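K.L.:
structure for this input, please:
(chains A and B)
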Amino acid sequence: MSNVAHCDLLVIGAGPAGLAAATQAANLGVDTVLLDEQPAPGGQIYRAVTSTPVQDRSILGPDYWHGHGLLKPFEQSGARYLPRSTVWALNRTEPDRFEVAFSIDGQAQLIQPRHVLLATGAQERPFPIPGWTLPGVITAGAAQILLKASGVVPTGRTVLAGSGPLLYLIAWQYLNAGVPIEAILETTPRGRWRKALPHVWGFLRSPYLAKGMKLLRAVQAGVPIIRGVSELEALGARQVEQVRFTAAGKEQVLPVDQLLLHQGVVPNVNLARALGVEHLWRDRQACWEPRVDAWGATSIAHVGIAGDGAGIAGAMAAEHRGRLAALHAAWALGKIDQARRDREAGSPRTALARAVRGREFFETLYRPPVQISRPVGATIVCRCEEVTAAQVRETARMGCPGPNQMKAFLRCGMGPCQGRLCGLTVAELIAEEAGRPPQDVGYYRLRFPTKPLPLGELATLPQTQDSMDAVVRFKKS
Amino acid sequence: MFRRLDVAARAVVDAPVRITVEGRSVTCRAGDSVAAALFAAGVIACRDTAVSGVPRGPYCMMGVCYDCLVNIDGMANQQACMTPVRVGMAVRRQIGAREVKL
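P.N.:
Below you'll find the predicted structure:
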């Protein structure tokens, strides 16, 4: 690669939003580069769609294989694709020029785009219960990645716990693959259906209703489902051995070999926040979301966000949001006029409206129960620094006003995951103790590098004469 | 405990990638991440934490939780879930924090 590469549009993330956006933009004559951390395109939802050993399509299901359809148009679009690229810094150098630093196999490099589209998707919501750090406790998403990317499945006694569509999807895929499941522990609080009912009209018109009900019925027929589960705990000495919970007023213990947790997904905010994009607290989903307009444009000029990273709406919506953001980028870069942008936006906009029907229903139904979003006692909140809920709560009661100050007291959020697995919980706990809304409490001030980086890797960056002079200046000759 | 589906197990036989885990020879499928290979080999804990020294294993499999850190070919703090297996790779348990060699 040349010293510093240039492009018009840099798309970060090769999931449905990033693939659709890069394809659309390149087709409009925009010089487009797509960077992605994984070895092959697809993001997490279509992970390993080009290489999965699970070729029997009835196992992963048609929604997974839909991702395959995004690849050919992408390859034909002329967009450049750089896999295994971890972006760790993004700076604006001029009003319409950015400098983006990333690494491939430990080699750091720079690219200078004029417009940036973040399509970094979602991550699973933290699931802080006692014992969630024990080996053998993994997320349902992790289990799905093992299945898709490697054809690796659990054996022995497997229990799934939590709520949300992904929990039932992985259960369905396991049934298809002949993997037995001991039980699904459903944590959706009783009474949630009543709360979600006002949104039922949208849900009934959702294009996924029939498919979703079919999947649900198959899972219900094949797996014992225990409803109204609370006081969930993973127990074990050096790995998970049992799961303890309360259901129907009775405490129960199940022996397990692995426990798979899931409580929905939340936007991956690290890059956007480090760049300074404005974020809002979404109470119905209990998470942060960047403030974006109908084109995915953020509070920073020439920075857009598409897909679940701009607010959870699912894979189909992500595609359409990617196309809209690409049209907007092409217009912002002067490649198409406004009339064409608006005209071509018609069809993705209609498709998007259809894809998001019924979201309010799901969001209300599957909002995490307070026991999980606001843990107590010795439950670990920050996995990296091993900080407990009691410590965070006590420090908040002492007057610690927000997550950034909490770092100074407890080091929470300062480990290698950079707050990804504790940020939401810490904000919620401070909010509760201080009697303030999470929006006021705020989030960690994130900084680059957004992924930990050895100094030696940083030193492999291509140097300019200016950067060398800046150092040499201090040397006594 | 985890296992490979038959299709994946066949891929291991057809084109094995041999690595070592704590000196023990482990055969993997080309394209597996180190974390997936560890799960398939029955290793669910891959490190001891830097704070209290308790065992941890991969949790998210998508590069966000940093709980799958291992030592690969002498380099500590490598994300097992983000690193593909390579012939001859030596994987060791990450014990505590990375040591700085002076």
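K.L.:
where along chain B do the helices fall?
P.N.:
Here chain B has its helices, by DSSP state H, at B:6-14, B:34-40.
K.L.:
what sits against the residue nearest to residue A:387 when sequence neighbours are not counted?
P.N.:
Among residues not flanking residue A:387 along the chain, residue A:412 sits closest, at 4.2 Å (C-beta to C-beta, 6 or more residues apart in numbering or on different chains). (C-beta placed from N, C-alpha, C; glycine too.) Listed by C-beta atoms under 8 Å, 6 or more residues apart in numbering or on different chains, the contact set of residue A:412 reads A:381, A:382, A:385, A:387, A:392, A:403, A:406, A:419, A:422, A:426.
K.L.:
ok so, going back, out of the helices of chain B, deepest packed?
P.N.:
Highest mean neighbour count among the helices of chain B (mean count of other C-beta atoms under 10 Å in any protein chain shown): helix B:34-40, with a mean of 29.
K.L.:
pull the residues that contact it.
P.N.:
Contacting residues not belonging to helix B:34-40 are listed as A:146, A:149-150, A:152, B:2-4, B:19, B:21, B:26, B:28-29, B:32, B:44, B:46, B:57-58, B:61, B:68, B:70, B:72, B:78, B:80-81, B:83-85, B:89, B:91 [C-beta under 8 Å, 6+ apart].
K.L.:
filter these down to the ones in strands?
P.N.:
Using DSSP state E, A:152, B:2-4, B:19, B:21, B:26, B:28-29, B:70, B:72, B:78, B:91 are the members of the contacts of helix B:34-40 that sit in strands.
K.L.:
among the contacts of helix B:34-40, name the buried ones.
P.N.:
A:146, A:149-150, A:152, B:2-4, B:19, B:21, B:26, B:28-29, B:32, B:44, B:46, B:57-58, B:61, B:68, B:70, B:72, B:78, B:80-81, B:83-85, B:89, B:91 (16 or more other C-beta atoms under 10 Å in any protein chain shown).
K.L.:
touching, residue A:135 and residue A:238? I think so.
P.N.:
Yes: here residue A:135 lies in contact with residue A:238, judged by C-beta atoms under 8 Å, at a distance of 7.1 Å.
K.L.:
need the overlap of contacts for the two.
P.N.:
B:45, B:55.
K.L.:
can you give me the neighbour number for residue A:332?
P.N.:
Residues within reach of residue A:332, counting by other C-beta atoms under 10 Å in any protein chain shown, total 21.
K.L.:
what pLDDT does the model give residue A:88?
P.N.:
pLDDT for residue A:88: 97.
K.L.:
wait, what's in contact with the residue nearest to it when sequence neighbours are not counted?
P.N.:
In this structure, residue A:88 finds its nearest non-sequential neighbour in residue A:449, 3.8 Å apart by C-beta to C-beta, 6+ apart. Residues in contact with residue A:449, defined by C-beta under 8 Å, 6+ apart, are A:88, A:89, A:101, A:458.
K.L.:
what's residue A:449 sitting at in phi/psi?
P.N.:
Torsion angles at residue A:449 (phi, psi; degrees, to the nearest 10) stand at phi -70, psi 140.
K.L.:
residue A:160 contacts residue A:171, correct?
P.N.:
Yes: between residue A:160 and residue A:171 there is a contact under C-beta under 8 Å: 5.9 Å.
K.L.:
what segments of the stretch 51-200 of chain A are strands?
P.N.:
Taking DSSP state E, counting those that start in this stretch as the test, the strands found in the stretch 51-200 of chain A are A:80-82, A:85-94, A:97-104, A:107-118, A:122-124, A:137-139, A:152-154, A:158-163, A:183-186.
K.L.:
please save the CA atoms from the helix or strand bottoming out on mean pLDDT in chain A in PDB.
P.N.:
Counting by mean pLDDT, DSSP states H and E, chain A has its least confident helix or strand at helix A:465-472, which shows a mean of 78. Extracted in PDB, the C-alpha atoms of helix A:465-472 (Å, rounded to 0.1, in the frame of the first residue of the first chain):
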ATOM      1  CA  GLN A 465       8.800  14.600   7.100                       C
ATOM      2  CA  ASP A 466       6.700  16.800   9.300                       C
ATOM      3  CA  SER A 467       6.100  14.100  11.900                       C
ATOM      4  CA  MET A 468       9.800  13.200  12.000                       C
ATOM      5  CA  ASP A 469      10.900  16.800  12.300                       C
ATOM      6  CA  ALA A 470       8.500  17.300  15.200                       C
ATOM      7  CA  VAL A 471      10.400  14.600  17.100                       C
ATOM      8  CA  VAL A 472      13.900  15.500  15.900                       C
END
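K.L.:
how about it: buried residues?
P.N.:
Counting neighbours by 16+ other C-beta under 10 Å, one finds that helix A:465-472 has no buried residues.
K.L.:
elements contacting that helix?
P.N.:
Packed against helix A:465-472 by the contact rule (3 or more C-beta pairs under 8 Å, 6 or more residues apart in numbering or on different chains; DSSP states H and E) you find no helix or strand.
K.L.:
distance between that helix and the chain's centre?
P.N.:
38 Å (C-alpha atoms, centre = their mean, to the nearest Å).
K.L.:
ok, which of the strands of the stretch 51-200 of chain A comes nearest residue A:287?
P.N.:
Shortest distance between residue A:287 and those, using C-beta to C-beta, is found for strand A:122-124: 9.4 Å.
K.L.:
give me the contact list for that closest one.
P.N.:
Outside strand A:122-124, the residues within contact range by C-beta under 8 Å, 6+ apart are A:44, A:139-141, A:262-268, A:308-309, A:312, A:420, B:60, B:62, B:64.
K.L.:
again, 7 Å this time
P.N.:
Contact with strand A:122-124 is made by A:139, A:141, A:262, A:265-268, A:308-309, A:312, A:420, B:60, B:64, as judged by C-beta atoms under 7 Å, 6 or more residues apart in numbering or on different chains.
K.L.:
now stretch A:335-346
P.N.:
Contacts to stretch A:335-346, defined as C-beta under 7 Å, 6+ apart, come from residues A:28, A:29, A:30, A:324, A:327, A:328, A:330, A:331.
K.L.:
what's the farthest-apart pair in those residues?
P.N.:
Farthest-apart pair in these is A:29 and A:324; separation 17.6 Å (C-beta to C-beta).
K.L.:
nearest to chain B within chain A, name that residue for me.
P.N.:
In chain A, no residue comes nearer to chain B than residue A:151, which is 2.9 Å away by C-beta to the nearest C-beta.
K.L.:
quick one, grab the pLDDT at the closest residue in space to that residue that isn't next to it in sequence.
P.N.:
Leaving aside its chain neighbours, residue A:151 sits nearest to residue B:8 (2.9 Å; criterion: C-beta to C-beta, 6+ apart). Note on residue B:8: pLDDT of 97.
K.L.:
dump the residue contacts of residue B:8.
P.N.:
A:53, A:150, A:151, A:152, B:29.
K.L.:
so which of the contacts of strand A:122-124 belong to helices?
P.N.:
Residues from those lying in helices, with DSSP H as the criterion: residue A:141.
K.L.:
wouldn't residue A:378 be in contact with residue A:392 here?
P.N.:
No: between residue A:378 and residue A:392 there is no contact under C-beta atoms under 7 Å: 11.7 Å.
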